[in-house]
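**Student:** My questions are about this predicted structure, shown below with the sequence.
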Amino acid sequence: MPTSDPYETLAPYYDWLHEALTQDLPFWRHLAAETGGPVLELGCGSGRVVLPLARAGLAVTGVDRSPAMLARARARLADETPAVRDRADLHAADLLALALQQRFRLVLVAHNTWSHFDDRQRPVALAVARRHLAPGGRLALDLPNAMRLLDPDRLPDGQPIEQGRFPDAAGDGWIVAHAASELNASWSRYRVTWSFTSVDAGKPPIPPASVTVDYHLIYPHELELELRGAGFRLVSLLGDYDRSPFAADSERMVAIAEPAA
């Protein structure tokens, strides 16, 4: 992952920006229940997936390198029942150097997080995931479909688009979020620049915050080759959370793999 952490800037806004992102949660609950747990989420952020899994009765460990994001996860976890809190375990760690003692029946990397790794980091991350799998365990990766992103009718133009408005920390003003997206096919990189500005007629505006996040485009054949090179067998490649098979126009690319015999 990059040396500087964009999520230190994004953390105060992350939950607002992603509050509508819930369509994958039933998929993760069902997949985790099939494996029986325990579950390890790499890049758990503010607990968007960890908490629903713990509420569903699964033992789940979340790991993230961002202290600011984990602080939000711990604050959300503090509002849960004691039983849910007991089932969730959060760790601050570099995912590329992770060495937990526990082994897991499911290791998952949710919505776009895997795309933060470049082609040199992904084999390291796969080796880490494999070391943390229990016998019979599975790895699940959820990525955007790079081929769909390269559709000429969908190419971003780099212009800022308003993503939403939400109350500021004091509760007496509003924060407006914009996102500008750029695609560099030659670099296989999708770049999103977020900006946040305050709107309050009664006070001077808070200086705007801005942060850029890079996502690396990964194609189906690359993903399968990287999994194979790390000692995995691709069990299924899905195109959405309804478990439909992957196709060139699928919105998502969800890979489920297991260690090769």
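**Tutor:** Nice, I can see it. Numbers count the residues shown, from 1 in each chain.
**Student:** middle-most residue in the protein, spatially?
**Tutor:** T113 (3.4 Å; CA atoms, centre = their mean).
**Student:** Would you enumerate the residues in contact with that one?
**Tutor:** L42, G43, G45, D142 (CB atoms under 8 Å, 6 or more residues apart in numbering). (Glycine included, C-beta is placed from N, CA and C.)
**Student:** Those residues in strands, which ones?
**Tutor:** The members of those that map onto strands under DSSP state E are L42, D142.
**Student:** which SS state does L96 fall under?
**Tutor:** helix (DSSP: H, G, I helix; E, B strand; the rest coil).
**Student:** Need the pLDDT of it.
**Tutor:** pLDDT, L96: 96.
**Student:** Just give me the neighbour total for it.
**Tutor:** Per other CB atoms under 10 Å, the neighbour tally for L96 reads 15.
**Student:** got the phi/psi numbers for the nearest residue to it once chain neighbours are set aside?
**Tutor:** Distances taken as CB to CB, 6 or more residues apart in numbering place V124 nearest to L96, at 5.0 Å, with adjacent residues excluded. Per-residue torsions, V124: phi -70, psi -40 (degrees, to the nearest 10).
**Student:** what's the neighbour count on V124?
**Tutor:** 14.
**Student:** And it, how far from G62?
**Tutor:** Distance, V124 to G62, using CB to CB, to the nearest Å: 20 Å.
**Student:** Only the buried residues of stretch 237-252, if you could.
**Tutor:** By 16 or more other CB atoms under 10 Å, the buried positions in stretch 237-252 come out as L237, L238, G239, D240, Y241, F246, S250, R252.
**Student:** Which ones among those map onto helices?
**Tutor:** For the buried residues of stretch 237-252, not one is inside helices, with DSSP state H as the criterion.
**Student:** Identify the farthest-apart pair in those residues.
**Tutor:** L237 and Y241 (13.4 Å; CB to CB).
**Student:** joint contacts of the two?
**Tutor:** Joint contacts of L237 and Y241 (CB under 8 Å, 6+ apart) are V254.
**Student:** ok, back up a step: now the phi/psi pair for the residue nearest to the centre of the chain, please.
**Tutor:** Residue torsions, per degrees, to the nearest 10, at T113 are phi -60, psi -40.
**Student:** do the same with G231
**Tutor:** Torsion angles, degrees, to the nearest 10, at G231: phi 90, psi 20.
**Student:** so what's it up against?
**Tutor:** Counting by CB under 8 Å, 6+ apart, G231 touches R130, P259, A260.
**Student:** Most neighbours among those, which one is it?
**Tutor:** R130 (19 neighbours).
**Student:** Outside of the helix or strand containing that one itself, which residues are in contact with it?
**Tutor:** Assigned by DSSP states H and E, R130 belongs to helix 121-131. Contacting residues not belonging to helix 121-131 are listed as 1, 42, 95-99, 107, 109, 114, 117, 139, 218, 226-227, 229-232, 259 [CB under 8 Å, 6+ apart].
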